[in-house]
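Asker: Structure, please.
(2 chains)
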Amino acid sequence: MMGAATIHLPLLLFFGAVLFSCGVYGVLARRNAVLVLMSIELMLNAVNVNLVAFSARLHEITGQIFALFVITVAAGEIGIGLAIVILIYRNRESINVDDVNLMKW
Amino acid sequence: MSAEDWAFIVVGVVGSIAAIRLVTSQNVVHAALYLVVTLAMVGATYLIAAAEFLAWVQVLIYVGAIVVLLLFSLMLTRAPIGRETLDNQQRFVAALVGAGVLAGLVFLIQDQFSGVKVNLNATRTADVGTSLFRDFVLPFEVVSVLLLAALVGAIVIARKEETPGGPAESRVPLLGRKEGARREALP
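Answerer: You can find the predicted model right below:
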């Protein structure tokens, strides 16, 4: 009854590639710092999709463990990132990443 | 094409469209809501790929916590609406770079993994826990310390400065602040 469930690996990897490309575009094209952080989350999710896909392919659970670690580090990163964004907003009245050039060469 | 393939194609198309809308949307709140859809579809991908525990972690942490955090910070900051305020002038170059990354990745995947099929064996949460606490206990502890440090750091960064000298002193730029200025001010 329970036939071996299979899935084509490239489908999973294509989804990850699309997510990663959208993240790259978002990081490069967005001005709002919160939207840049969202795009970074998108890229980290693409990495997680790939980790889970190869974890399924290799029948190895390590990929899922690493995806868990990536999620944890992403949570810490988003917390720090939003704290910095709010601090910048309080000081500069703007979260436009083009305006924040105090430490730019 | 198996049933899992078709299920995943639906999930992947919805997730991809939501991701594209997320990076092109002209309204920041809409972008956050598209992020919810994308993250939920990634969670559904984990379910299809038989990573059940990770799927619920995804829903719990991303959809439950991170999106709420992002929405809060959107509410706390002024978020003007419109293409010129949300996107910068290099968006065509950015689109070019994104398309180039996508083309390169698709070529590599097609080259290496074309037609590869994966048997989906359900992974038990017990196995995840055993592996996590037997083989990866040191990284686990390091990550928990990192999370604690991030928590404390976020609070320290984002809280308002409450200096004893009153709010006027905190506005003095760091470079212009004289050493021992407060001691001189005291009688």
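Asker: residue ranges of the helices in chain A, please?
Answerer: A:9-29, A:33-58, A:62-92 (DSSP state H).
Asker: now the ones you listed as a markdown table including mean pLDDT and mean neighbour count?
Answerer: Where you see a C-beta, it was placed from the backbone N, CA and C, and this is true even at glycine. Converted to a markdown table, these look like this (pLDDT from 0 to 100; neighbours: other Cβ atoms under 10 Å in any protein chain shown):
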| stretch | mean pLDDT | mean neighbour count |
| --- | --- | --- |
| helix A:9-29 | 94 | 24 |
| helix A:33-58 | 93 | 23 |
| helix A:62-92 | 92 | 19 |
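Asker: so which of the ones you listed gets nearest residue B:19?
Answerer: The closest of the helices of chain A to residue B:19 is helix A:9-29. By Cβ to Cβ, the value is 4.2 Å.
Asker: does the closest one come close to chain B?
Answerer: Yes: contact of helix A:9-29 with chain B (Cβ under 8 Å from any Cβ of the partner chain) involves A:9-15, A:17-26, A:28-29.
Asker: can you count the residues close to residue A:100?
Answerer: Other residues lying near residue A:100 total 16 when counted by other Cβ atoms under 10 Å in any protein chain shown.
Asker: how about the nearest residue to it, chain neighbours excluded?
Answerer: Leaving aside its sequence neighbours, residue A:100 sits nearest to residue A:88 (Cβ to Cβ, 6 or more residues apart in numbering or on different chains; 5.9 Å).
Asker: can I assume the one you found is in contact with residue A:97?
Answerer: No: with contact defined as Cβ atoms under 8 Å, residue A:88 does not reach residue A:97; the gap is 9.2 Å.
Asker: Quickly list what's touching both of these two.
Answerer: residue A:33 (Cβ atoms under 8 Å, 6 or more residues apart in numbering or on different chains).
Asker: was I right about residue B:76 contacting residue A:86?
Answerer: Yes: assessed by Cβ under 8 Å, residue B:76 is found in contact with residue A:86 at 5.9 Å.
Asker: rewinding a little: tell me which residues touch the residue nearest to residue A:100, please.
Answerer: Residue A:88 touches A:33, A:94, A:95, A:100, counting by Cβ under 8 Å, 6+ apart.
Asker: Apply 10 Å and report the result again.
Answerer: The contact partners of residue A:88, by Cβ atoms under 10 Å, 6 or more residues apart in numbering or on different chains, come to A:33, A:94, A:95, A:96, A:97, A:99, A:100, A:102, B:77.
Asker: Just after the one helix or strand residue B:130 maps to, pick out the following helix or strand.
Answerer: For residue B:130, the enclosing helix or strand under DSSP states H and E is helix B:125-134. Per DSSP H and E, the first helix or strand lying C-terminal to helix B:125-134 is helix B:137-158.
Asker: before we move on, back to that, name the residues contacting each of residue B:76 and residue A:86.
Answerer: Any residue near both residue B:76 and residue A:86 by Cβ under 10 Å, 6+ apart counts here, and that gives A:34, A:95, B:158.
Asker: And the pLDDT for residue B:160?
Answerer: Residue B:160 carries a pLDDT value of 79.
Asker: Report how many residues lie close to it.
Answerer: Residue B:160 has 8 neighbours, counted by other Cβ under 10 Å.
Asker: May I have the secondary structure class of it?
Answerer: coil (DSSP: H, G, I helix; E, B strand; the rest coil).
Asker: out of everything not next to it in sequence, what's closest to it?
Answerer: Distance criterion Cβ to Cβ, 6+ apart; nearest residue to residue B:160, sequence neighbours excluded, is residue A:90 at 8.0 Å.
Asker: OK, contacts around that neighbour?
Answerer: Per Cβ under 10 Å, 6+ apart, neighbours of residue A:90: B:76, B:77, B:158, B:160, B:161.
Asker: Residue A:45 too?
Answerer: Residue A:45 sits next to A:15-16, A:19-20, A:23, A:67, A:70-71, A:74, B:15, B:19, B:35, B:38-39, B:41-43, B:45, B:58, B:62 when contact means Cβ under 10 Å, 6+ apart.
Asker: try 7 Å
Answerer: Going by Cβ atoms under 7 Å, 6 or more residues apart in numbering or on different chains, residue A:45 touches A:19, B:39, B:42.
Asker: Dump those to JSON lines, plus distance to residue B:131.
Answerer: Shown next, in JSON lines, are these (distance: Cβ to Cβ, whole Å):
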{"residue": "A:19", "distance to residue B:131": "26"}
{"residue": "B:39", "distance to residue B:131": "24"}
{"residue": "B:42", "distance to residue B:131": "22"}
